[in-house]
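# My questions concern the predicted model and sequence given below.
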Amino acid sequence: MRPGNESPISEVIREMLRKYELEDGLWNVRIHEAWAKCIAAPVLQRTVKIHFNNGSLKVTLNSSVVRNELELMKNEIIQSLNKELDAQVVNEVSFF
């Protein structure tokens, strides 16, 4: 190997994920796990679908009451998810 041409495997993987635009898919899986840890069980039972794309999290719920309650807690939810993910990934949350 030539000096200066070596990179840690983690850096190579991150670069590959960026190059092939796979980062959101990876974050999508981690966000599903974080959602399950950060959100109360009654809300989880009413969660139908979670989709993450480019910093925006879209959550489909089957209860308008829960949807309205979560709208009031958007900032806390974003902070909680980012804390669980240990990164500033979620910038916006929308409830449907």
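Noted; the coordinates are in hand.
# who are the neighbours in contact with residue 67?
Contact analysis of residue 67 by Cβ atoms under 8 Å, 6 or more residues apart in numbering lists 61, 95, 96. Backbone N, C-alpha and C define where each C-beta goes, glycine included.
# Which single one of the residues you listed is nearest to residue 31?
residue 95 (14.6 Å; Cβ to Cβ).
# does the closest residue to that closest one other than its chain neighbours belong to a helix or a strand, and which?
Closest residue to residue 95 apart from its sequence neighbours, by Cβ to Cβ, 6 or more residues apart in numbering: residue 67 at 4.6 Å. Taking DSSP states H and E as the criterion, residue 67 maps to helix 64-72.
# Just the buried residues of that helix, please?
The neighbour-count check on helix 64-72 (16 or more other Cβ atoms under 10 Å) flags 66, 67, 70 as buried.
# Let's see the pLDDT reported for the most centrally placed residue in the chain.
Relative to the mean C-alpha position of the chain, the nearest C-alpha, by Cα atoms, centre = their mean, is the one of residue 31, at 3.3 Å. On pLDDT, residue 31 comes in at 92.
# List the residues that contact it.
Neighbouring residues of residue 31 by Cβ under 8 Å, 6+ apart: 50, 52, 57, 81, 85, 89, 90.
# Just name the closest of those to residue 14, please.
residue 89 (13.8 Å).
# The closest residue to that closest one other than its chain neighbours: what's it in contact with?
Closest residue to residue 89 apart from its sequence neighbours, by Cβ to Cβ, 6+ apart: residue 27 at 5.6 Å. Applying Cβ under 8 Å, 6+ apart to residue 27 gives the contacts 52, 85, 89.
# repeat that for 10 Å
By Cβ atoms under 10 Å, 6 or more residues apart in numbering, the contact set of residue 27 is 17, 34, 52, 53, 54, 55, 57, 85, 87, 89, 90.
# tell me the secondary structure for it?
Using DSSP: H, G, I helix; E, B strand; the rest coil, the structure places residue 27 in helix.
# I'd like the distance between it and residue 53.
9 Å (Cβ to Cβ, to the nearest Å).
# same check, this time on residue 82
16 Å.
# higher neighbour count, these two?
residue 82 (17 against 11; other Cβ atoms under 10 Å).
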